[in-house]
Structure formats: structure tokens, C-alpha cells
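# starting from these lines, generate the structure:
(2 chains)
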2 protein chains.
Amino acid sequence: MIGSPVDTFKGISPAEFFYRNKQMAGFGNATQALYTTVRELVENSLDSCEDAGVFPYIKVELNQLKSDAVEVKVSDNGAGIPHEVVPDAFGKVLFGSKYSSRQRRGTFGLGVTMSVLYGQITTDSPAIVHTKTDSKEGKQYRVFVDVETNTPLLEQEKTLHRKETGTEVSIILNGDLKRARDRIIEYIELSGISTPYARFELRIENELQLSVGPFVNNLPPLPTIAKPHPHAADVELLRRLASTNPHAKLQDFLIDSFQQVGVRTASRFLKFSNLDSSMQISSLSRENLVYLSRSLQKYADFDRPSSDSLSPIGKEQFLKSVGSHYQTTSISYSNRGPLEWDGIPYIIEGVLALSEKFPARDVPHLFRFANRVPLLYNNSDDVFAKVLKRISWSRYGVDEKSSVSLFVHFCSTRVPYSAAGKQSLASVGSIEDEILALYRELGRRLSKMTQKRGQTGRYQKKRREFTSTFKLLAKFSSDLAGTSEVPETDSMIERLFEGDMDA
Amino acid sequence: MIGSPVDTFKGISPAEFFYRNKQMAGFGNATQALYTTVRELVENSLDSCEDAGVFPYIKVELNQLKSDAVEVKVSDNGAGIPHEVVPDAFGKVLFGSKYSSRQRRGTFGLGVTMSVLYGQITTDSPAIVHTKTDSKEGKQYRVFVDVETNTPLLEQEKTLHRKETGTEVSIILNGDLKRARDRIIEYIELSGISTPYARFELRIENELQLSVGPFVNNLPPLPTIAKPHPHAADVELLRRLASTNPHAKLQDFLIDSFQQVGVRTASRFLKFSNLDSSMQISSLSRENLVYLSRSLQKYADFDRPSSDSLSPIGKEQFLKSVGSHYQTTSISYSNRGPLEWDGIPYIIEGVLALSEKFPARDVPHLFRFANRVPLLYNNSDDVFAKVLKRISWSRYGVDEKSSVSLFVHFCSTRVPYSAAGKQSLASVGSIEDEILALYRELGRRLSKMTQKRGQTGRYQKKRREFTSTFKLLAKFSSDLAGTSEVPETDSMIERLFEGDMDA
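Coordinates of the predicted model:
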């Protein structure tokens, strides 16, 4: 049998690709699909609130409908979605506002449309989007995805009053609410940790299950779009930059196109690479373009990337959110960066904390975040988890009696997710080494703190004993005084043990 | 700041998506990119040979060019690629012949184009494709990818004589040949195990490094395209099927559209779901369509899927390739299936073998395959590896002195890869339970064998002692006889220890 008589060659749309490979986008089964839908909607809402420069107030509602269908409703007080882009934003895979080089939670223009797609293939229901931007009236849309062509199908569009700007999206999908519940709660709790200026509410069947944050009352500056770093200059990027600026001479081209390249750096680089600074970029031969690309990627003397396009949680806010939420007994913060992988800027920051609320184990419990998004699935394969295993935690005084957790946040204009479902980070460039250095630094800080007051376990035991004794004393005093009002002792304990917060 | 003044909404092409997220497609760094390129070309070549019905003869050549560029050249004796599709097949992401529901190595129409893309962004070189189908003259093409639009750029197309049908592809890319070498060798060796009727040759810098197979001299039947199983009937699939057959009555529609549904099954199902068999499929209300979809997915009495669309390695061939290549001292085979995940048919088969060539460890060394493709990266997160840890191997006599390896092959019309790089399998449906059952069965067989002749470790030690004693005796005899020719003893040992091959 010659030729390929049984198969025909054809192209498929990206929506079709992810429809066939749902597990790659985080929709591998009904539990995960529900979780991912909540997550994608919350992330979009948070991004939208930050664009609007407001303190995010995110409400999540989950309702079990008849049979296996679950309604997910997420609303925000964000900027609203411009009316002309609503259909594409919800009905077209690989469409979005997140492709510019600044840190955002969403990145692919994939997740929400996948949620719409999953909803429609399991319950035949459209996404219902009610949104209002500042300048317009509120409108409500009912959107489907045409999977084969990757285009939106707008079932209905109508004016519907909405008082404030913002968006409410509701999606009905096959889902297992019982099984997904705990993950969703954990996701929202951890979102409060990484976006400590936001307020989250979760309602299930109209009952408030959870309210998190805000832990702080100041907004971080909005990250700005940055030019690429010269280490990112592969041939494709060079060509694109050259096509927008074809007549520029090489030196000016470098200064205009890249960050961290001024007159001095450009001329030093051109000397190093032996290229003529007065050549027009568009007149470079193919060979020279490859040579320029390679030289830019290799040249070691460019400054580290700017951090303007990044939005780390930050020392004060990270310590505050973890410290308050988990009532930690000691806590420290460290960070690395800005650094770059393939020219893409990133910062890693971490908090190592002790609290009775954490399980006692000989390795810190790991909480992972990327661009402020908690990552809850696929933790074994993740580069953060991999590095955790490379460290002898006993050296830093962590033993089976230690209740230690490690919160680590990777932020970047492009997070190297292993798959489109954004569950884990691939080990690219020198990221692994930097994570190792961060963990070690946090370990040393922990070690110092625990040495100061003896063994971690012993310290926590002592604090527990103090707490219960004080509570007894308080109870005893109020009994003596004949009042039912028991004085509050937590703050006294806090004061007695303060100074242990080393950051 | 209201609105989203800094970002604009836009769509990106799937090529752009994977260009930005190269790590998802297996191109995270120069070592992995080189490995993935070899792999994608070899897989396409093997698929093409099977379409042609010939014994595959695959030649891989790697040459280090100046600077960091490596040339990868892979040639086959397959069916050749129809001239009209060459540009799209190499220059368009999500285009291919692999979307029909039968087992193939390639599945996404992604890998080869990603290799071309990676080559061009690192070395500005096109893919060079020289191919001949049965009916045409040979032609050579030079192809680039237009990343932003996801369309091929054909630099050159010329008639170039080629004697036999088949294809030779060469791609030049930035790559680290030294670091990738061992992985590539392992990949080709293992490809010989899973495609035991093929012959592979690897040349590096024009020197033959490796020649593997064939281990057997018969071809398996070509898997055929199958209708979907009714458990796969989500709303999207139902709509598509209905649109090709709109006037069919419900009962006929089910029989025509799905496998494992005959008159009796259809009428039993319709009775169970309380649907009127004489209704036209296109007249079903939305609600009824969702109900039909859910009922089809839930109904437990459909037969298991047919295995016609699958091509497992098979007992005899799998035992033969592993047995010969690793000179195993004992070996057994087992399989599970055909089964289905979300209605997609699959078979899992495994070989558990003892050989001095395997490292001694208290857990079997794991070799993973999917649709005959060896999976070498991301093994910690894989469902195969996850299940391996759930088993107490000591119960089956495996201890730190055991040199045991487990070869496991998942074959399906759609493999649930975790990411587009096809490195690991997601845990979907009941796959995990089935793998567990397979491992246990293989464990029991091993246990039986080792009980028969005592402890595994002891057995291997005995065999080692025999081997060295015989070699000494042979040397001694030839010295006595005054000849330098030492008699061959391996086959004597083999005969002495035979009968241990339990399968």
C-alpha cells in the first residue's frame, strides 16, 4: 500500500486543538475543569481591576444545578470589557489583551474561552457576560465558540443596566462541586496571600463560605510595558524590530529597540562584536543577522533587565499577608532578581514561615505562585518542588517537628509554564540555580532565628504553653471578678514573642 | 486609571503561541530542541513507512557545523509526502495527516513545524525537504514558517531526482550535540524496542554510532480509522455527527455514527434513556441533545471499544525486542484493554524483565512508550511513574540487588499527553487504575518466576559466577590447546539457564 490513502492532510484551528487535548489546558476531568474555570475567571477579574487601578473586590458563586451541571459566576469591580471585543475575548482561543510584555496573570488568551468551550460541550450553555466600561452602558452577551473555525458565536446581545463598571461572567458546565470544593477554597485563600490588597468572597449555594483579605491597604504600581532585553534577540525578534525601523543605523537600532542599551553600551557591544555601527539594519545580510542575534544573546555585559514590567508581591506585603493569615510565629522574606531567562525578565521571591497552622514535617510545605497566581496542580514535576528536594533542610534546623511553610513567587513578563494549563514551571535557563540560592538564603535566615531561641519545635512548644497558661489565667481572673467577659490574651502573647519577626 | 490603556486586544496565530511558549512543545533549551527535532523527524518517518507498508529503514545524521549550529538529517523509505502539501506540512503549525482516529506516532501536526521554526529563529536556515511519492518525480523544497500568520514561506522548489520513494529532511538549528547525544542514542535504541520491525542507523560526523533492529521480520497490520465510541459523545461531537446525517432517525443515527452500536444495543439504549427512536436527530431540542449526550456517556452497557484502530507492540514482538536487546534472563508480558478514556480507545501493555544490563535497584527501572514513541523527559510527573511508586515491589521479590526493568506501552487513537511536547501522560479517566492492575499482574508473574528458582538477586549472582567460570575454563582450554581462539561460552550459559523465559 503506497501513499496515505486513509488519512487526508488538513489544518485544524487552535480551538479544535485544545478541544481534542483538553487535559493540556487544565480541563482533564470534571473536577479539574470546574477548578480551572473558577481560576481563569478570577484571574481575568483581578487583571481587569488592576487595569482600572481599583482595589479588587472579587465575588465567586457556585451553584449545583440539576444533574451534574454547576453554575460558576464571578464578578469584579474592574475596568469592564470593551464591547467590541467581548465576543472574541470569550469565543476565540488565542485572543486577548495579555500579549504585551508586562506581568499579568492571564497570558495566553486561552483559559476563559476553554471554559466557555467546556461549558458548551457538556451542557450546551453559552457564557453569559454582563459588563460595563466607564464610557458605555452595561450590556449582556450570550457567547458560544465555533470550535472548528475558532470564531465566536454571539447568541444574544442586549443593553442591561449595570451601576458600576466591571464584569460578571457566568458559565454552566459539567462539574463535580463536592470534589473541587477544597481546591477552590485553597485557591481563593492563596489568591488572598498573593494579591493582599484584594478582597475575595466565595459563596456556595448562596451561603458565604469564605471571605479573604484585604490584608493591606495600598496598591502596587501597575507594571509598564517594556522593550525587550537584548538577550531575547532571536532572529525572528530581530526581523520584526528591523521591519518597524528599517532605515535605522545599527547603533541607533539597538538603542531604540532594546532596554538596557544606551549609547555607551551599544558602542561597546558593536566593538566587541566587530559590527559596523553605521550600517543600516535592513542592509544586514542573512549571515550577519544571525551573527548579530547570536552576539546579542551571548554578550555578558548588558545590564540586568529592568523590573518596571514586573509586579512582585514585595517584602512588606508578602510578610503581612502570610503573617496575618497563618498567624506565623516567625517569618522571613528574601528575593532574587530582576534576572532573565532567554532575555525575559523575572524576579523570584519567597517567604519562609513557622506557624502551628502548618503541618509538622521535615521538609517545608511548599506553596507556589506565578504572577500572583497560586499553582495547585502538578506540583511534583515543578521546578520549585524539584529544587526543594535538593536542599538538606536539616542543616537549617528543620526536622519532623517543624511546622514550616515556604511560599515562593515567580513573576515574569512570560512565565515558562510546562503546559497551557499553567500548573507548573519548566526548568529553563538558570532559573533552577536561582531558586536554589533563594531557598538557601531563606534557610539561613530560619536557622539564625531558630538558633537565637533554640530549637524550632521547642520554641513552638513554649509558645503553646504560654498561650494556654495565659488563657487559663484570663479565665480565672474573669471568674474571680464575677464577669463572663474574658480578657483577650492573643495580643499579649504576640507582644511577648515579638522581635522574632526577622525579615 | 479606567480602561486598559496600555494593552490592546488582539489574536495571535498558533505558531506565535508556540514560538512564545517553546518549552511547551519540547523546545525549552538547545539540548532539548535538538533532541525533540530528531524525535519529531524520526516519528514522521516511521509513520510514513507504515503508510507505505514497508519495513522502515530510518537513517539519522547529526553534524556539528561552525559555531553552535547542528545539522539534523533524517531519511526514510516511506511513502513520500504529496507535493501539494509539503509547504503546509513543514511551515504551518496544526496542519497534518494525523487527525483521524487511528493510532499514529505524530498527532498534533506541530512538532516538525516547531523544529523548522526553531531552526529559523536560531540559524535563519530553512528546512530542506527532499521527497518522492510513487507517482511523481523527486522534488526538493526549502521551507520557512511565517510565525505571525502561521503560513509557510516557500523559498525554493525544484525537481531533484530521487530513486526510491521516501523523504529526507534536514534542519539546521542551534543545538548542543554533546549534551543531547546520550538522550538521542537512548531514544533510537528504545525506538528499536517499540518498533521492532524497523532498522535504525545513527551517524554523527559521518561515523556510524549505532545500528538497531530489526528484531522481527513481520509487519503488524495497519490500524484502521474507527467510528467514535458512544462514550465520546459530547455535545460538540453529537452536533458534528448530526450535521452530516441530519435526517436520520435517532436509532439509525446511533448505529451509523458510533462503533459498538448495532440494532439491539441501540434499541436497548433508547429504552434505557427513554428517547423516541423514530425522532429525527436534527429535530432534537437543545435540552434533549444534552440529555442524549449525557446518556450516551453514562450508559454502562456499550461494548468496549474495538481495537482495530490500535497497534500495540504485541506479546511476541515486545518479548523478542526486549529479550534480544537486553539479553534478559527472565521476562514476562501482560496487557490491559481495549479500554477507553472519555470514549477514546486504548491498550496498555507491559514487559517486566531481568537482565544484568539493568541497574540493580529496589524499584524497577521504568521505560515509557506512547504509540510506540519512547518518552524520555518529565518522567517524575508521569502517570506511569506515579503508579510505579504506589506498588510495594518488595512483595514481588524486587530488592536492591534486583536488576529489573519495566517497559510499559500506552497506545491509543488519542494519547492524553500533559503538554504539546509529548513527554508525559496526564492521569485521565481510569487510566491510573488500569496501569496499577497491569503492574501488579507483571509483579505476580515476576514473583512466580523468582520463587521457582529462589531469590532474584541470588539467581543473578549464580548466573554471573557461572559465566565467569565458563569464560575462565574456555580461556584455559584454548591456552592448553595452544590456540588464541577462545571458544564462545555465552550460548552455553543461555542454554543452561533457559526455560526461565516465562511469558
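
# chain B contacts on the stretch 351-500 of chain A?
Residues of the stretch 351-500 of chain A lying close to chain B (C-beta under 8 Å from any C-beta of the partner chain) are A:378, A:380-381, A:386, A:414, A:416-420, A:424, A:426-429. For the C-beta atoms, the positions are set from N, CA and C on the backbone; glycine is no exception.

# most neighbours, which of those?
Counting neighbours by other C-beta atoms under 10 Å in any protein chain shown, A:Ser418 comes out on top of those with 28 neighbours.

# so it makes contact with B:Ser418?
Yes: applying C-beta atoms under 8 Å, one finds A:Ser418 in contact with B:Ser418, separated by 7.4 Å.

# name the residues contacting each of the two.
A:378, B:378 (C-beta atoms under 8 Å, 6 or more residues apart in numbering or on different chains).

# by proximity to chain B, which residue of the stretch 251-400 of chain A wins?
A:Asp381 (2.9 Å; C-beta to the nearest C-beta).

# strands of the stretch 251-400 of chain A, start to end?
Assigned by DSSP state E, counting those that start in this stretch, the strands in the stretch 251-400 of chain A fall at A:330-341, A:344-354, A:365-370, A:373-375.

# strand partners of the second one, parallel vs antiparallel please.
Strand partners for strand A:344-354, identified by DSSP bridges, are recorded as strand A:330-341 (antiparallel), strand A:404-412 (antiparallel).

# so which bits of the stretch 51-200 of chain A are right by chain B?
Neighbours of chain B within the stretch 51-200 of chain A, by C-beta under 8 Å from any C-beta: A:51-53, A:67-68, A:79-80, A:82, A:85, A:88-89, A:92, A:94-100, A:102, A:108-109, A:120-124, A:133-135, A:147-148, A:165.

# also the stretch 201-350 of chain A?
Residues of the stretch 201-350 of chain A lying close to chain B by C-beta under 8 Å from any C-beta are A:222, A:224-225, A:234-237, A:240, A:286-287, A:289-290, A:293-294.

# can you redo those as a markdown table with pLDDT, distance to B:Ser334 and neighbour count?
A markdown table is the format used below for these (pLDDT from 0 to 100; distance: C-beta to C-beta, whole Å; neighbours: other C-beta atoms under 10 Å in any protein chain shown):
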| residue | pLDDT | distance to B:Ser334 | neighbour count |
| --- | --- | --- | --- |
| A:Leu222 | 90 | 59 | 14 |
| A:Thr224 | 91 | 59 | 14 |
| A:Ile225 | 90 | 57 | 12 |
| A:Asp234 | 95 | 47 | 23 |
| A:Val235 | 95 | 50 | 20 |
| A:Glu236 | 95 | 48 | 19 |
| A:Leu237 | 96 | 51 | 19 |
| A:Arg240 | 94 | 54 | 14 |
| A:Arg286 | 90 | 55 | 11 |
| A:Glu287 | 91 | 56 | 10 |
| A:Leu289 | 94 | 56 | 17 |
| A:Val290 | 94 | 52 | 23 |
| A:Ser293 | 96 | 52 | 23 |
| A:Arg294 | 94 | 51 | 20 |
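
# just flag the most distant two among those residues.
Farthest apart among those by C-beta to C-beta are A:Leu222 and A:Glu287. That separation is 42.0 Å.

# any chance of the strands paired with strand A:344-354 in CSV, with mean neighbour count too?
Below are those laid out as CSV (neighbours: other C-beta atoms under 10 Å in any protein chain shown):
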stretch, mean neighbour count
strand A:330-341, 22
strand A:404-412, 25
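
# mean pLDDT added to the ones you listed, as CSV?
Converted to CSV, the strands paired with strand A:344-354 look like this (pLDDT from 0 to 100):
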stretch, mean pLDDT
strand A:330-341, 94
strand A:404-412, 97
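
# residues of stretch A:356-373 that come out buried?
By neighbour count with 16 or more other C-beta atoms under 10 Å in any protein chain shown, stretch A:356-373 contains the buried residues A:358, A:361, A:363-364, A:366-373.

# quick check, nearest of these to B:Gly26?
For the buried residues of stretch A:356-373, the nearest to B:Gly26 is A:Ala370 (20.4 Å; C-beta to C-beta).

# got the contact list for that closest one?
By C-beta under 8 Å, 6+ apart, the residues touching A:Ala370 are A:409-412, A:415, A:417, A:422, A:425.

# where does the stretch 151-300 of chain A have low pLDDT?
By pLDDT under 70, the stretch 151-300 of chain A has no low-scoring segment.

# just the helices from chain A, written as ranges.
With DSSP state H as the criterion, chain A has helices at A:14-20, A:30-52, A:86-91, A:111-123, A:177-194, A:235-244, A:250-257, A:263-273, A:286-298, A:315-326, A:383-390, A:431-452, A:456-481, A:490-496.

# backbone dihedrals for the closest residue to A:Ser309 other than its chain neighbours, please?
Leaving aside its chain neighbours, A:Ser309 sits nearest to A:Ala226 (3.9 Å; criterion: C-beta to C-beta, 6 or more residues apart in numbering or on different chains). Main-chain dihedrals, A:Ala226, degrees, to the nearest 10: phi -110, psi 150.

# do I have it right that A:Ala226 meets A:Gln259?
Yes: at 5.6 Å, A:Ala226 counts as touching A:Gln259 under the criterion of C-beta under 8 Å.

# what touches both of the two?
Counting by C-beta under 8 Å, 6+ apart, the residues touching both A:Ala226 and A:Gln259 are A:305-306.

# re the thing from before, in a markdown table: the strands of the stretch 251-400 of chain A, plus distance to A:Lys139.
Converted to a markdown table, the strands of the stretch 251-400 of chain A look like this (distance: least, C-beta to C-beta, whole Å):
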| stretch | distance to A:Lys139 |
| --- | --- |
| strand A:330-341 | 40 |
| strand A:344-354 | 37 |
| strand A:365-370 | 33 |
| strand A:373-375 | 28 |
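
# of those, which approaches A:Val60 most closely?
strand A:373-375 (13.9 Å).

# contacts for the closest one, please.
By C-beta under 8 Å, 6+ apart, the list of residues contacting strand A:373-375 reads A:39, A:43, A:105, A:186-187, A:190-191, A:193-194, A:367-369, A:382, A:422-425.

# swap in 7 Å and give it another go.
A:43, A:105, A:187, A:190-191, A:194, A:368-369, A:423-424 (C-beta atoms under 7 Å, 6 or more residues apart in numbering or on different chains).

# likewise stretch A:80-90?
Counting by C-beta under 7 Å, 6+ apart, A:95-96, A:112-113, A:116, A:127, A:129, A:131-133, A:136, A:139, A:141, A:143, A:152, A:154, A:165-167, B:9, B:11 sit against stretch A:80-90.

# from the contacts of A:Ala370, which is closest to chain B?
Closest to chain B out of those is A:Tyr417 (7.0 Å), distances taken as C-beta to the nearest C-beta.

# check contacts around the residue nearest to A:Asp362 when sequence neighbours are not counted.
Of all residues not flanking A:Asp362 in the chain, A:Glu400 sits nearest, at 4.5 Å (C-beta to C-beta, 6+ apart). By C-beta under 7 Å, 6+ apart, the contact set of A:Glu400 is A:360-362.

# one more time with 10 Å
Listed by C-beta atoms under 10 Å, 6 or more residues apart in numbering or on different chains, the contact set of A:Glu400 reads A:360-363, A:394, A:457.

# which one of the strands paired with strand A:344-354 lies nearest to B:Gln32?
That would be strand A:330-341 among these, by C-beta to C-beta, at 13.9 Å.

# how far off helix A:431-452 does that closest one point, in degrees?
If you take axes from the mean of the first three to the mean of the last three C-alpha atoms, to 10 degrees, strand A:330-341 sits at 160 degrees to helix A:431-452.

# so strand A:330-341 versus helix A:315-326, what angle?
130 degrees.

# show me the shaky parts of the stretch 351-500 of chain A.
In the stretch 351-500 of chain A (pLDDT under 70), the answer is A:379, A:452-463, A:491-500.

# would you mark the buried spots in stretch A:437-450?
Under the neighbour-count criterion of 16+ other C-beta under 10 Å, stretch A:437-450 has A:438-443, A:445-447, A:449-450 buried.

# tell me the one of those nearest chain B?
Out of the buried residues of stretch A:437-450, the member with the shortest distance to chain B (by C-beta to the nearest C-beta) is A:Tyr439, at 18.5 Å.
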